[in-house]
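Participant: The sequence isn't on hand, but the structure is:
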């Protein structure tokens, strides 16, 4: 990867070996997220049960990267009994006291099931909002099998349960701009809606979101109000739903490309792309408007998602009626709540915060204020670490191929320094990931990715030189060479003619002297 090496073929061969080695080491360091699981168990012989379960063949793949250890409380301590009788929200609050500062330590609490017959609101297998989960058991004979099943559900290898990293996580600038647009399709006096976004939406409902995701992305939020931006899709009336409906086949065409949905930032290839979220107020003639899913049923939030772009939620005014005596109407609190719920749900999908635990029968407590549980942010940190490391290696490899393909290229010092900066940051990220310091590794990987992208998309980009033909190089120097070539050629021809004449005269003189003698 040394961009300023003298011999290009040698540099190219060395770089390829370095890339392969870096890719191998990065994959080895980041392919799985190592962790430590502390099992708190309230049962006779709890420590032996945990050790026996940890050695089971069904947890072999988990045990490779998760250390399962028993943290049995002393018999007679009352806090385990309190957990058994508490609600899930209380258990979640109490288990926060067990939390370790290390982001790789997770707690799993096993308590006796003391739910009543009608006490179904307390789940049997629950995942909290921090780094803790718990299960309730009522039969010690089945405890080991249940514990194995739950631990595998929680700590199964990531490639079995989670998709690849979201494109919104791979932005080299590390910024996610959430752009909200309140779109009035056909505003009229008394049927035009507005918001004070910061006061009505951001401060009361989204204030904790940027802080919750700060370990992964810098979240910036902006908003605007658009008027006279009607969709070209014409919804159909549905007697079943008592309103106009848009089915899943129409939603890809619902958002009009002519809508002036702009952001305050002009994005370049180095930057990420904004996440657009449209709040659509339909015309009075198409109100109420409902969004249907693939089964032709109403969606939970009357919204749909546009992969890689954002999403849209429909807000139907109360009774679809005109407010007399008012020009503009503020969105009501319940409407804002629905908008925020739809946005958070779609943001989770865009960032790849999966809901895979539900398929194991887990009850996942929703993080009411932040939208993302701590353990979900841990997973996103790791996903971004993997994505940034892969993107860095790919970008550096492409850049080196460009440099190696041009024998006489002069690499600017600024680009060479950025390449070196990227390589050093990538090495730090790999070393930190090998020591399970994923937050620090993620920060270094982001720096490596950003430096590699800056080098590749430099204003004096090396990429443009790859397609610079030899004829162009000749044409660029001909205006300088031609004015000197013709005088030189004429002078050379004149000197040659003079040389030949002198030689001929000398020969004749020599012959004449011989005859005279």
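Facilitator: Received, thanks. All values derive from a computational prediction rather than experimental measurement. Numbering: from 1, shown residues only.

Participant: Need phi/psi at residue 280.
Facilitator: Residue 280 adopts backbone torsions of phi -100, psi 120, taken as degrees, to the nearest 10.

Participant: Over to residue 282?
Facilitator: Torsion angles, degrees, to the nearest 10, at residue 282: phi -70, psi 160.

Participant: Could you do residue 249 as well?
Facilitator: phi -80, psi -20.

Participant: That one: neighbour count?
Facilitator: 9 (other CB atoms under 10 Å). (Glycine included, C-beta is placed from N, CA and C.)

Participant: what does residue 405 give?
Facilitator: 13.

Participant: Report how many residues lie close to the residue lying closest to residue 450 once chain neighbours are set aside.
Facilitator: Once flanking residues are discounted, residue 450 sits nearest to residue 172: 4.6 Å by CB to CB, 6 or more residues apart in numbering. Residue 172 is flanked by 24 other residues according to other CB under 10 Å.

Participant: go on, residue 42?
Facilitator: Residue 42: 19 neighbours (other CB under 10 Å).

Participant: Could you check how far it is from residue 232?
Facilitator: Distance, residue 42 to residue 232, by CB to CB, to the nearest Å: 61 Å.

Participant: Quick one: low-confidence residue ranges for the stretch 101-250 of the chain.
Facilitator: Along the stretch 101-250 of the chain, segments meeting pLDDT under 70 span 114-123, 157-165, 170.

Participant: Can you list the residue ranges for helices in it?
Facilitator: Assigned by DSSP state H, counting those that start in this stretch, the stretch 101-250 of the chain shows helices spanning 143-155, 158-161, 197, 209-212.

Participant: next one: the stretch 351-500 of the chain
Facilitator: 374-405, 413-434, 438-456, 470-516.

Participant: got the angle for the third one vs helix 413-434?
Facilitator: This means helix 438-456. 160 degrees (axes from the mean of the first three to the mean of the last three CA atoms, to 10 degrees).

Participant: what do you get for the last one?
Facilitator: Following the same axes, to 10 degrees, one obtains 130 degrees for the angle between helix 470-516 and helix 413-434.

Participant: for the record, mean pLDDT for helix 470-516?
Facilitator: The average pLDDT for helix 470-516 rounds to 81.

Participant: can you check the shortest one too?
Facilitator: Confidence over helix 438-456, taken as the mean pLDDT, stands at 89.

Participant: Identify the residues contacting the residue at minimal distance from the centre of the chain.
Facilitator: Centroid check for the chain by CA atoms, centre = their mean gives residue 169 as the closest residue, at 1.1 Å. Residue 169 makes contacts with 216, 217, 351, 352, 380, 383, 384, 387, as judged by CB atoms under 8 Å, 6 or more residues apart in numbering.

Participant: Same question for residue 223.
Facilitator: 179, 180, 181, 182, 195, 197, 198, 201, 202.

Participant: That one pairs with what?
Facilitator: Bridge pairing for residue 223 (DSSP bridges) gives the partners residue 180.

Participant: got the domain boundaries for this structure?
Facilitator: 8-30+374-465, 35-156, 168-351, 471-517 (automatic domain parsing).

Participant: so can I have CSV of those domains showing distance to residue 363?
Facilitator: As requested, the domains of the chain are exported to CSV (distance: least, CB to CB, whole Å):
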stretch, distance to residue 363
domain 8-30+374-465, 14
domain 35-156, 3
domain 168-351, 17
domain 471-517, 66
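
Participant: quick one: which of these is nearest residue 361?
Facilitator: Closest approach to residue 361 among the domains of the chain is made by domain 35-156 (5.9 Å; CB to CB).

Participant: Low-confidence regions, the stretch 251-400 of the chain specifically.
Facilitator: For the stretch 251-400 of the chain, the ranges with pLDDT under 70 are 264-272, 325, 354-360.

Participant: on that earlier part again, figure out which of the helices of the stretch 101-250 of the chain is closest to residue 188.
Facilitator: Closest to residue 188 of these, according to CB to CB: helix 197, at 22.4 Å.

Participant: Excluding its own residues, what touches the closest one? List them.
Facilitator: 180, 223.

Participant: How far does that helix sit from its chain's centre?
Facilitator: In this view, helix 197 has its centroid 26 Å away from the chain centroid, taken as CA atoms, centre = their mean, to the nearest Å.

Participant: Please apply the same query to stretch 139-149.
Facilitator: The answer for stretch 139-149 is 37 Å, by CA atoms, centre = their mean.

Participant: in that stretch, what's buried?
Facilitator: 143, 144, 146, 147, 148, 149 (16 or more other CB atoms under 10 Å).

Participant: circling back: where's the residue nearest to the centre of the chain relative to residue 392, distance?
Facilitator: 14 Å.

Participant: Check residue 506 too.
Facilitator: Separation of residue 506 from residue 392 (CB to CB) stands at 75 Å.

Participant: The two - which one has more neighbours?
Facilitator: Using other CB under 10 Å, the more surrounded residue of residue 506 and residue 392 is residue 392, with 28 against 10.

Participant: In contact with the more buried one, which residues?
Facilitator: 422, 425, 426, 445, 448, 449, 452.

Participant: Tell me, how many residues neighbour the second one?
Facilitator: Translated: residue 425. Quick note: residue 425 (other CB under 10 Å) scores 22 neighbours.

Participant: Which residue, neighbours along the chain excluded, lies closest to it?
Facilitator: Nearest non-adjacent residue to residue 425, counting by CB to CB, 6+ apart: residue 448, 3.7 Å away.

Participant: isn't that neighbour right up against residue 420?
Facilitator: No: in this structure, residue 448 is not within contact of residue 420 by CB atoms under 8 Å, at 11.0 Å.

Participant: Compare those two and say which is more crowded by neighbours.
Facilitator: Set residue 448 next to residue 420 and count neighbours by other CB under 10 Å: residue 448 wins out with 28 against 16.

Participant: From residue 393, how far off is that one?
Facilitator: From residue 448 to residue 393 the distance is 9 Å (CB to CB).

Participant: Nearest approach to residue 493 belongs to which of the helices of the stretch 101-250 of the chain?
Facilitator: Once those are compared by CB to CB, helix 158-161 is nearest, at 76.1 Å.

Participant: Count the neighbours of residue 47 for me.
Facilitator: 14.

Participant: any idea which element it lies in?
Facilitator: Using DSSP states H and E, residue 47 falls within helix 46-54.

Participant: outside of the next helix or strand after that helix, which residues touch it?
Facilitator: Going down the chain from helix 46-54, the next helix or strand is helix 60-63, by DSSP H and E. Residues outside helix 60-63 that contact it (CB under 8 Å, 6+ apart): 54, 55, 68, 151, 152, 155, 156, 157.
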